[in-house]
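Asks: here are the coordinates; sequence isn't available:
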């Protein structure tokens with residue numbers, strides 16, 4: 001068969017985080033100015049469980065860590081040393097015999113390990129969120145680790161207040177759930193201990209303030225997985241946490257812990273992590289927490305990569321997907337501009353939430369992402385791609401709204417996708433989908449010169465679209481599809497009226 005000379009391989013970057021509960025290795029490369037994960041390895045080492053009352057690590061815990069690092073070392077051999085970053089966090093900060101562990105670990109890896117302070121850990125966690133999660137400017141970031149909990153408030157790439165508290169799901173498990181008993185008393189004791197530490201910090205955080213609370217770490221991910229598996233809206237609230245706590249108490253023992261959606265590997269330390277999270281909600285008076293897209297590893301990685309602060313997160317993701325899936329970029333942004341204009345015309349009458357505009361535009365850009373695989377089932381392929389692709393800048397709830405919109409950009413309505421999203425109300429989702437569908441339909445000629453002037457007006461669920469009569473006459477296919485759209489939207493309780501406008505005379509089609 002014919003052969004060709006391959007282009008130069010893109011350089012790899014590796015980040016390793018020696019956490020208190022798990023050791024993680026992340027290997028990536030830059031493709032189309034976006035980060036592509038090449039390999040990811042996670043091992044539950046539970047290093048913090050090896051600390052005794054004098055903060056000495058036992059040999060069994062250290063041996064688990066060294067064994068894990070021997071696995072990681074294999075993957076580091078062909079990566080340039082300047083592209084590798086390895087950090088150790090809370091447990092090794094606490095361990096009196098940490099140097100014994102680090103010396104052997106560095107020999108195994110063939111690279112230096114940086115023991116970072118709690119404040120530096122918190123700063124890197126914040127940067128990981130800032131690089132991967134598009135949110136309102138002022139944010140509170142929460143990370144519950146194995147031996148420490150980090151709280152950071154800031155805006156943009158600038159953390160304004162950071163702290164690292166000596167409480168985590170592994171250490172609190174040893175202190176309050178050591179015998180595996182899931183009782184109200186154990187939760188109360190853990191909650192009280194966390195509250196004491198949090199009370200010393202809360203005033204300064206509240207003084208700075210935040211618009212949105214974002215969470216990272218296994219505890220918050222596990223909460224989302226439980227809520228989703230149980231058919232609930234994937235929104236972390238105190239009431240949801242209380243409901244999950246009662247499910248845990250009903251199980252009585254960790255050995256008998258069976259909660260729908262809770263993975264086996266998370267069971268041993270889920271209860272203490274939940275107790276800490278509930279204390280944070282109460283002390284900081286938090287209404288809800290959204291799951292963020294990155295944490296310490298992403299903070300370390302993106303700061304290692306060249307020039308990553310100067311590109312808008314979502315724009316970087318969209319442009320990367322455009323290139324990877326051969327999306328017609330000019331047409332994608334043409335539809336996005338049309339959707340934006342329609343949104344502005346309808347925002348007041350339909351009470352559209354401003355924070356949904358960016359997601360509507362993103363859906364417009366990505367609506368043809370499934371075409372690379374096949375035309376006929378392209379919406380199905382788009383659903384799969386958006387469910388599984390790395391979408392830096394989009395939270396889980398935002399991803400679900402994207403999927404709901406792209407899955408409904410034309411033809412039959414997919415109500416399951418609409419009902420699966422939790423970012424906004426059902427009514428808002430339907431109205432955004434209607435805007436996207438009409439933006440796609442009216443841009444069907446795929447040229448700027450053929451895109452019509454239009455005017456939207458709405459009263460409750462009645463939507464009137466006014467178009468010039470001559471334009472409609474020149475586009476009989478689109479005119480016919482607008483008639484079909486009336487039927488498609490009827491089950492959504494949307495009454496679409498098409499007005500043909502000519503010399504101040506309107507005619508209903």
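Replies: That came through fine. The structure displayed is predicted, hence computed values, not measured ones. Numbers count the residues shown, from 1 in each chain.
Asks: now the strands: where do they sit in the stretch 251-400 of the chain?
Replies: Under the criterion DSSP state E, counting those that start in this stretch, strands of the stretch 251-400 of the chain are mapped to 288-291.
Asks: what about it, any weak spots by pLDDT?
Replies: 307-311 (pLDDT under 70).
Asks: do the chain as well
Replies: Using pLDDT under 70, the chain drops low at 1-9, 32-33, 135-136, 307-311, 503-509.
Asks: Is the residue nearest to residue 306 when sequence neighbours are not counted part of a helix or strand, or is it coil?
Replies: Leaving aside its chain neighbours, residue 306 sits nearest to residue 30 (8.0 Å; criterion: Cβ to Cβ, 6 or more residues apart in numbering). For the C-beta atoms, the positions are set from N, CA and C on the backbone; glycine is no exception. Under DSSP: H, G, I helix; E, B strand; the rest coil, residue 30 falls in the strand class.
Asks: Show me what residue 30 is bridged to.
Replies: Bridge pairing for residue 30 (DSSP bridges) gives the partners residue 35.
Asks: okay, which residue is most central for this protein?
Replies: In the chain, the residue lying closest to the centroid (Cα atoms, centre = their mean) is residue 395, at 2.9 Å.
Asks: Name the nearest residue to that residue, ignoring sequence neighbours.
Replies: residue 290 is the one closest to residue 395 (Cβ to Cβ, 6+ apart), at 5.1 Å.
Asks: Correct me if wrong: that neighbour contacts residue 211.
Replies: No. Taking Cβ atoms under 8 Å as the definition, residue 290 is not a contact partner of residue 211, at 11.3 Å.
Asks: re earlier: residues in contact with the residue nearest to the centre of the chain?
Replies: 133, 135, 214, 290, 291, 292, 293 (Cβ atoms under 8 Å, 6 or more residues apart in numbering).
Asks: just to revisit the earlier point, compare neighbour counts for residue 290 and residue 211 and give me the winner.
Replies: Neighbour totals were compared for residue 290 and residue 211, and residue 290 leads with 22 against 11 (other Cβ atoms under 10 Å).
Asks: In contact with that one, which residues are there?
Replies: Residue 290 touches 135, 212, 213, 214, 215, 235, 236, 395, 396, 397, counting by Cβ under 8 Å, 6+ apart.
Asks: on that earlier part again, what bridges to the residue nearest to residue 395?
Replies: According to DSSP bridges, beta-bridge pairing links residue 290 with residue 214.
Asks: Please report how far it lies from residue 134.
Replies: Separation of residue 290 from residue 134 (Cβ to Cβ, to the nearest Å): 11 Å.
Asks: Same question for residue 269.
Replies: Applying Cβ to Cβ to residue 269 and residue 134 gives a distance of 30 Å.
Asks: Which one's more surrounded, those two?
Replies: The residue with more neighbours, out of residue 269 and residue 134, is residue 269; 28 against 19, by other Cβ under 10 Å.
Asks: shouldn't the more buried one be in contact with residue 146?
Replies: Yes. Counting by Cβ under 8 Å, residue 146 is a contact partner of residue 269 at 7.3 Å.
Asks: Give me the common contacts of the two.
Replies: By Cβ under 8 Å, 6+ apart, the residues touching both residue 269 and residue 146 are 21, 169, 170.
Asks: out of these, which is most surrounded?
Replies: residue 169 leads these on contacts (other Cβ under 10 Å) with 31 neighbours.
Asks: Check the spacing between it and residue 213 real quick.
Replies: 19 Å.
Asks: Also residue 40?
Replies: Where residue 213 is concerned, residue 40 sits at a distance of 26 Å (Cβ to Cβ).
Asks: does residue 26 really touch residue 37, like I thought?
Replies: Yes. Residue 26 is in contact with residue 37 according to Cβ under 8 Å; the separation is 6.9 Å.
Asks: So which of those two has more stuff around it?
Replies: residue 26 (21 against 11).
Asks: And the helix or strand where the more buried one lies, what does it pack against?
Replies: Counting by DSSP states H and E, the element that carries residue 26 is strand 22-31. Other helices and strands packing on strand 22-31, by 3 or more Cβ pairs under 8 Å, 6 or more residues apart in numbering; DSSP states H and E, are strand 12-18, strand 34-44, helix 59-76, helix 296-304.
Asks: List the neighbouring strands of the shortest one plus their orientation.
Replies: The pairing partners recorded for strand 12-18 under DSSP bridges are strand 22-31 (antiparallel), strand 84-88 (parallel).
Asks: The longest one vs strand 34-44, what angle?
Replies: Which is strand 22-31. Computed with axes from the mean of the first three to the mean of the last three Cα atoms, to 10 degrees, the direction of strand 22-31 lies at 160 degrees from that of strand 34-44.
Asks: Check the last one too.
Replies: Here strand 84-88 points in a direction 40 degrees away from that of strand 34-44 (the same axes, to 10 degrees).
Asks: which residues of the stretch 51-200 of the chain fall in strands?
Replies: Using DSSP E, counting those that start in this stretch, strands in the stretch 51-200 of the chain cover 84-88, 114-115, 138-144, 149-155, 158-165.
Asks: For residue 413, which of the ones you listed is the nearest?
Replies: strand 138-144 (34.9 Å; Cβ to Cβ).
Asks: Helices of the stretch 351-500 of the chain, start to end?
Replies: 357-366, 378-388, 396-406, 415-420, 426-442, 469-474, 476-489 (DSSP state H, counting those that start in this stretch).
Asks: Just send those helices back as a markdown table, with distance to residue 449 too.
Replies: Output for these, formatted as a markdown table (distance: least, Cβ to Cβ, whole Å):
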| stretch | distance to residue 449 |
| --- | --- |
| helix 357-366 | 19 |
| helix 378-388 | 26 |
| helix 396-406 | 26 |
| helix 415-420 | 34 |
| helix 426-442 | 13 |
| helix 469-474 | 11 |
| helix 476-489 | 14 |
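Asks: Of all those, which one is nearest residue 49?
Replies: Across the helices of the stretch 351-500 of the chain, closest to residue 49 is helix 396-406 (Cβ to Cβ), at 29.4 Å.
Asks: Compute the inter-axis angle for that closest one and helix 378-388.
Replies: 170 degrees.
Asks: Could you tell me how far helix 396-406 lies from the centre of the chain?
Replies: How far helix 396-406 lies from its chain's middle: 11 Å, per Cα atoms, centre = their mean, to the nearest Å.
Asks: Number of residues surrounding the closest residue to residue 382 other than its chain neighbours?
Replies: Spatial nearest neighbour of residue 382, excluding adjacent residues (Cβ to Cβ, 6+ apart): residue 370 at 3.5 Å. Around residue 370 there are 24 other residues, counting by other Cβ under 10 Å.
Asks: from what I can see residue 370 touches residue 379, true?
Replies: Yes. Using Cβ under 8 Å, residue 370 is in contact with residue 379, at 6.2 Å.
Asks: Export the helices of the stretch 351-500 of the chain as TSV, with columns for mean neighbour count and distance to residue 89.
Replies: Listed next are the helices of the stretch 351-500 of the chain as TSV, based on neighbours: other Cβ atoms under 10 Å; distance: least, Cβ to Cβ, whole Å:
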stretch	mean neighbour count	distance to residue 89
helix 357-366	24	34
helix 378-388	18	29
helix 396-406	23	25
helix 415-420	16	35
helix 426-442	22	40
helix 469-474	15	62
helix 476-489	14	53
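Asks: Quick one, which of those gets closest to residue 457.
Replies: Per Cβ to Cβ, nearest to residue 457 of the helices of the stretch 351-500 of the chain: helix 426-442, 13.1 Å.
Asks: okay, the angle between that closest one and helix 357-366?
Replies: 40 degrees.
Asks: got the contact list for the closest residue to residue 24 other than its chain neighbours?
Replies: Of all residues not flanking residue 24 in the chain, residue 17 sits nearest, at 4.7 Å (Cβ to Cβ, 6+ apart). Contact partners of residue 17, counting by Cβ under 8 Å, 6+ apart, are 23, 24, 87, 89, 296, 297, 300.
Asks: Residue 17 pairs with what?
Replies: residue 24, residue 87.
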